[in-house]
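Asks: I would like the atomic coordinates for the input below:
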Amino acid sequence: MDPRFIPILKDLFAEACDLGESSICTVPWDASLRYRGLFKKLGLLHLCHHGLRTTWITRAAIAGVKEAEAMAFVSHSSREVHAVYKRLISVPTAHVPAAVSLPEFV
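Replies: Predicted coordinates:
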């Protein structure tokens, strides 16, 4: 864990204990609907909460986070499910558009 989060988590934990909570975060049953509403409000209709998971999991893989650690962080118990969220390519493709010639239009 990034050490910068420790004081924040301690404060959150103390606040949760004061309120009699058993965790610092309770995910509401309608979380995906709430995300949908937020994205709609922001005009980002092309986004969904699974896209956020995909982005995080992909960036974690690129950054070298161990797969087991990333899976634990996002609560994946299956490597097959986790692999679906990783958007990695094994072949560099940045040069491809420039390599394809286009017909001249008159």
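Asks: Would you map the helices across the chain?
Replies: 6-18, 31-41, 49-62, 67-73, 79-85, 96-99 (DSSP state H).
Asks: Output the ones you listed as a markdown table; include the columns mean pLDDT, distance to residue 25 and mean neighbour count.
Replies: To be clear about C-beta, it is placed using only N, CA and C from the backbone, and glycine gets the same treatment. Converted to a markdown table, the helices of the chain look like this (pLDDT from 0 to 100; distance: least, Cβ to Cβ, whole Å; neighbours: other Cβ atoms under 10 Å):
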| stretch | mean pLDDT | distance to residue 25 | mean neighbour count |
| --- | --- | --- | --- |
| helix 6-18 | 90 | 8 | 11 |
| helix 31-41 | 90 | 11 | 12 |
| helix 49-62 | 87 | 15 | 15 |
| helix 67-73 | 93 | 13 | 14 |
| helix 79-85 | 88 | 21 | 13 |
| helix 96-99 | 75 | 43 | 8 |
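Asks: Show me the one of these that comes nearest residue 24.
Replies: When those are compared by Cβ to Cβ, helix 6-18 sits nearest residue 24, at 4.4 Å.
Asks: How far does that closest one sit from its chain's centre?
Replies: 24 Å (Cα atoms, centre = their mean, to the nearest Å).
Asks: contact partners of that helix?
Replies: 22-24 (Cβ atoms under 8 Å, 6 or more residues apart in numbering).
Asks: Show me how the chain divides into domains.
Replies: 1-42, 48-88 (automatic domain parsing).
Asks: The shortest one: how far from the chain's middle?
Replies: Chain-centre distance of domain 48-88: 7 Å, with Cα atoms, centre = their mean.
Asks: Ends of it, what's the gap?
Replies: The first and final residues of domain 48-88 sit 19 Å from each other (Cα to Cα, to the nearest Å).
Asks: Same list (the domains of the chain) but as TSV, adding distance to residue 97.
Replies: As requested, those are exported to TSV (distance: least, Cβ to Cβ, whole Å):
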stretch	distance to residue 97
domain 1-42	29
domain 48-88	19
